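Enquirer: Provided below for reference: sequence and predicted model.
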Amino acid sequence: MNAPKRCRVLIVDNNSDLALTLIELLKFEADLEPVGWTASAAGALKRAAELTADVLVLDLSLPDGSGLAVIDQAAA
């Protein structure tokens, strides 16, 4: 029997303590797989594609741009 597909989650936040804490918490969820994190808007789309993330947990206020812009670009 095949195991259910886990949802691959990428954390995008410039606060490394928060990002690493979220990753550790997600490890306890059987259906979620934290695949990494990045601290910038520029890195968010690149890392999401590289890591084939299903979901972004995204800080809306990043030092190099708006998280809302990342959402727009990811949806395109």
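Expert: Looks like it arrived, so ask away.
Enquirer: Next, count neighbours for the closest residue to L60 other than its chain neighbours.
Expert: Closest residue to L60 apart from its sequence neighbours, by Cβ to Cβ, 6 or more residues apart in numbering: G67 at 3.7 Å. C-beta here means a position set from N, CA and C on the backbone, and glycine is covered the same way. A count of nearby residues for G67, using other Cβ atoms under 10 Å, gives 17.
Enquirer: in the protein, which spans are helices?
Expert: 16-26, 41-50, 67-75 (DSSP state H).
Enquirer: Centre-most residue in this structure?
Expert: L10 (2.0 Å; Cα atoms, centre = their mean).
Enquirer: residues in contact with that residue?
Expert: 34-38, 44, 47-48, 51, 53, 55-57 (Cβ atoms under 8 Å, 6 or more residues apart in numbering).
Enquirer: Let me have those in CSV, adding distance to K5, pLDDT and neighbour count as columns.
Expert: Output for the contacts of L10, formatted as CSV (distance: Cβ to Cβ, whole Å; pLDDT from 0 to 100; neighbours: other Cβ atoms under 10 Å):
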residue, distance to K5, pLDDT, neighbour count
P34, 15, 96, 23
V35, 13, 95, 21
G36, 18, 94, 17
W37, 21, 95, 21
T38, 23, 95, 22
A44, 22, 91, 29
R47, 20, 91, 19
A48, 17, 86, 23
L51, 15, 90, 17
A53, 13, 90, 22
V55, 13, 92, 14
L56, 17, 92, 19
V57, 18, 94, 17
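Enquirer: Grab the two from the residues you listed that are most spread out in space.
Expert: P34 and A44 (14.8 Å; Cβ to Cβ).
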